[in-house]
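Asker: sequence and predicted structure, then a few things I'm wondering about:
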Amino acid sequence: MQQLANIEEDYRLGKLRTIENDLENFIRLNREKIRRFQEEHLRKLKTARPSDELAIKWYIMQIRTINPVDEIKTQLDEIEREIFYQAEKQGPGLDRGGIAKEWCRRHAPGWRDHRVLAIIFVLDRNKDHYIRIFNGQEP
């Protein structure tokens, strides 16, 4: 899967540091919500309590964000790059709003999926660290 290989390369190059920091903050701020989510699934599924790691992953996959403000800014940067690219191709008088809408229609769902996959990848790579934070065992 090329997408996963790209994420792994970005991680190796240190390009996912923002996600690492955002994930720490997210877990600290949402510890209780994740615990409630974990307990809800225990009651609904009538099975063993999901592990802390699994509960964090499920919660992130359900809400699909860990830092909405930063993620919106990042998407806006992507849209601006597309507008710049289209301006180079089309020249003056292009429809910025139309380009933005088209980017959202074509790329936003895939962008979000990619972002969630990157978050889960970072969590997997550092799960012991994040589980300690989740359990209040700050470094």
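Answerer: Okay, I see it.

Asker: what segments of this structure are helices?
Answerer: Counting by DSSP state H, the chain has helices at residues 2-12, 17-45, 52-63, 68-90, 96-125, 127-134.

Asker: a markdown table for those helices, including mean pLDDT?
Answerer: Converted to a markdown table, the helices of the chain look like this (pLDDT from 0 to 100):
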| stretch | mean pLDDT |
| --- | --- |
| helix 2-12 | 93 |
| helix 17-45 | 90 |
| helix 52-63 | 93 |
| helix 68-90 | 92 |
| helix 96-125 | 94 |
| helix 127-134 | 96 |
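
Asker: wait, what's in contact with the closest residue to Glu39 other than its chain neighbours?
Answerer: Leaving aside its sequence neighbours, Glu39 sits nearest to Arg49 (Cβ to Cβ, 6 or more residues apart in numbering; 7.6 Å). Quick note: C-beta positions are derived from backbone N, CA and C, even for glycine. Counting by Cβ atoms under 8 Å, 6 or more residues apart in numbering, Arg49 makes contact with 38-39, 42.

Asker: so which of the residues you listed wins on neighbours?
Answerer: Among those, the one with the most neighbours (other Cβ atoms under 10 Å) is Gln38, at 18 neighbours.

Asker: residues near the closest residue to it other than its chain neighbours, how many?
Answerer: Spatial nearest neighbour of Gln38, excluding adjacent residues (Cβ to Cβ, 6+ apart): Ala55 at 3.8 Å. When neighbours are counted by other Cβ under 10 Å, Ala55 registers 21.

Asker: how near is Ala55 to Pro92?
Answerer: Going from Ala55 to Pro92 by Cβ to Cβ, to the nearest Å gives 52 Å.

Asker: check Ile63 too.
Answerer: 41 Å.

Asker: same question, Lys44
Answerer: 56 Å.

Asker: next, give phi and psi for Leu94.
Answerer: Taking degrees, to the nearest 10, you get phi -80, psi 160 for the backbone angles of Leu94.

Asker: list the contacts of it.
Answerer: Neighbours of Leu94 in contact, by Cβ under 8 Å, 6+ apart: 83, 86-87.

Asker: reformat those residues as TSV; add neighbour count and distance to Lys73.
Answerer: Formatted as TSV, these follow (neighbours: other Cβ atoms under 10 Å; distance: Cβ to Cβ, whole Å):
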residue	neighbour count	distance to Lys73
Ile83	18	15
Gln86	17	20
Ala87	14	21
